[in-house]
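# Following is a predicted model, sequence given first.
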Amino acid sequence: MKSSAAEGFTLIELAIVVTVIGIILAFSIPSLDRVSQTQLLYGAGENVAGQLRLAREKAVATATNQVFCFSPDSAGADYHVHATGGGLAARWNLPVGITFVGITTPTPLVLQKDGSVSNSMTLILQDRQGVRDTVSIEVSGLVLAR
């Protein structure tokens with residue numbers, strides 16, 4: 001006959017496994033937060049670039065200039081487009097933790113009906129950790145997010 005030896009894990013073995021898992025999580029959670037913030041920053045840059053491209057396309061399609069402003073906390077938004085008859089056509093906010101830290105040219109930026117822009121501009125966005133991303137628009141109307 002077989003002896004009925006107890007099979008399984010001891011309390012000490014379980015405590016060691018739980019401790020190792022805890023240590024791994026303690027080191028990985030801050031890294032995941034940094035990755036999340038960086039992706040949020042790059043996404044915000046792509047959103048701004050996309051809105052600039054859309055405003056340029058609308059200016060060309062409707063043959064009317066589009067006025068684009070970057071003014072944090074103005075009109076309840078971080079950046080917005082003015083309507084042709086006055087008021088705001090659309091407005092957007094940056095994600096929480098993402099801020100403007102530099103704009104090379106004062107706004108408003110006029111996206112003209114021929115596809116060009118009133119002046120070139122570089123916009124610098126920054127997250128909580130100090131990581132920066134830039135969005136540039138050239139006089140020709142080319143928009144670049146880096």
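Happy to help now that I have it.
# Now for the protein, the helix or strand with the poorest mean pLDDT.
Across the helices and strands of the chain, the lowest-confidence element by mean pLDDT, DSSP states H and E is strand 66-74, at a mean of 81.
# And it, what does it pack against?
Counting contacts by 3 or more CB pairs under 8 Å, 6 or more residues apart in numbering; DSSP states H and E, strand 66-74 packs against helix 11-62, strand 77-82, strand 99-103, strand 109-111. The C-beta positions use only the backbone N, C-alpha and C, and glycine is treated the same way.
# partners of that strand, with directions?
strand 77-82 (antiparallel), strand 109-111 (antiparallel) (DSSP bridges).
# Run the angle between the first one and strand 99-103 for me.
In other words, strand 77-82. 60 degrees (axes from the mean of the first three to the mean of the last three CA atoms, to 10 degrees).
# what bits of this structure have low per-residue confidence?
Along the chain, segments meeting pLDDT under 70 span 1-6, 73-75.
# Tell me the spacing between the residue nearest the centre of it and residue 126.
Closest residue to the average C-alpha location of the chain: residue 44 at 1.8 Å, with CA atoms, centre = their mean. Taking CB to CB, to the nearest Å as the measure, residue 44 falls 10 Å from residue 126.
# ditto for residue 92
17 Å.
# who has more neighbours, these two?
residue 126 (16 against 13; other CB atoms under 10 Å).
# For the more buried one, list the residues it contacts.
For residue 126, the contact set (CB atoms under 8 Å, 6 or more residues apart in numbering) comprises 41, 98-101, 132-133.
# repeat that with 7 Å
Neighbour list for residue 126: 99, 101, 132 [criterion: CB atoms under 7 Å, 6 or more residues apart in numbering].
# for residue 103, same thing?
Taking CB under 7 Å, 6+ apart, one finds 70, 121, 123 in contact with residue 103.
# hmm, try it at 6 Å
Shown in contact with residue 103 (CB atoms under 6 Å, 6 or more residues apart in numbering): 70, 123.
# What number of residues are in the vicinity of the closest residue to residue 94 other than its chain neighbours?
Of all residues beyond its chain neighbours, the one nearest residue 94 is residue 78 (4.7 Å), with distances taken as CB to CB, 6 or more residues apart in numbering. Per other CB under 10 Å, the neighbour tally for residue 78 reads 22.
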